[in-house]
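Chemist: what shape does this take:
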Amino acid sequence: MTAIDVIYIEDDDIEAELFSMGLSTRGINVLHIPDAQPDSLLLLQNPSYATAKAVFIDFWIGVVSGLDVARSLRENGDARPFFLLTAGENPNPQVLKQLNITYLQKPANYNKIASAVTAL
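Modeler: So this is what the prediction gives:
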């Protein structure tokens, strides 16, 4: 079985590692981007990142909002499914709808995430 690649933009290396471990046994390979700096986001243009099926974004990536990152990616033509992960409350539902983002509460439910990804 070929693993499905997804991207996770997350500034906490431990969170990213847990996310990767939680999904690896479910046939999903996590490509981690550790911050939301322009140079880091250029990785999305590399072939392995460009073919990823979905983008998972932490709500706060350092001092940058995941919603701002999602907005920027959408404005630059990224039409992949986006998932916003946060331990906080549900962000503004209108903004989520406008940017076509699915909200997921931390801690991550890996079975639910894997089902959503494989449904793509």
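
Chemist: now do the buried residues in stretch 6-15.
Modeler: Along stretch 6-15, the positions that meet the burial threshold by neighbour count (16 or more other CB atoms under 10 Å) are 6-11, 15. Any C-beta I mention is one placed from the backbone N, CA and C, and that applies to glycine too.

Chemist: that stretch: how far from the chain's middle?
Modeler: If you compare the mean C-alpha spot of stretch 6-15 with that of the full chain, they lie 8 Å apart, counting by CA atoms, centre = their mean, to the nearest Å.

Chemist: what's next to that stretch, contact-wise?
Modeler: When contacts are taken as CB atoms under 8 Å, 6 or more residues apart in numbering, the neighbours of stretch 6-15 outside the stretch itself are 16, 19-20, 23, 28-36, 41, 44, 49, 52-58, 60-62, 66, 69, 85, 117.

Chemist: let's see which of the buried residues of stretch 6-15 end up in helices.
Modeler: Using DSSP state H, Glu15 are the members of those that sit in helices.

Chemist: quick one: which of the buried residues of stretch 6-15 sit in strands?
Modeler: Counting by DSSP state E, the part of the buried residues of stretch 6-15 found in strands is 6-9.

Chemist: select only the buried ones of the contacts of stretch 6-15 in ChimeraX?
Modeler: The ChimeraX command for the buried members of those (criterion: 16+ other CB under 10 Å) is given here:
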select :16,19,20,23,28,30,31,32,33,34,36,41,44,49,52,54,55,56,57,58,60,61,66,69,85,117
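
Chemist: ok, the ones in strands among the buried residues of stretch 6-15 vs Ala108, which is closest?
Modeler: Tyr8 (9.9 Å; CB to CB).

Chemist: not counting its neighbours along the chain, what's nearest that closest one?
Modeler: With sequence-adjacent residues excluded and distances taken as CB to CB, 6 or more residues apart in numbering, Tyr8 is closest to Phe56, at 4.5 Å.

Chemist: list the buried residues in stretch 67-78.
Modeler: Those would be 67, 69-70, 73-74, for stretch 67-78 by 16+ other CB under 10 Å.
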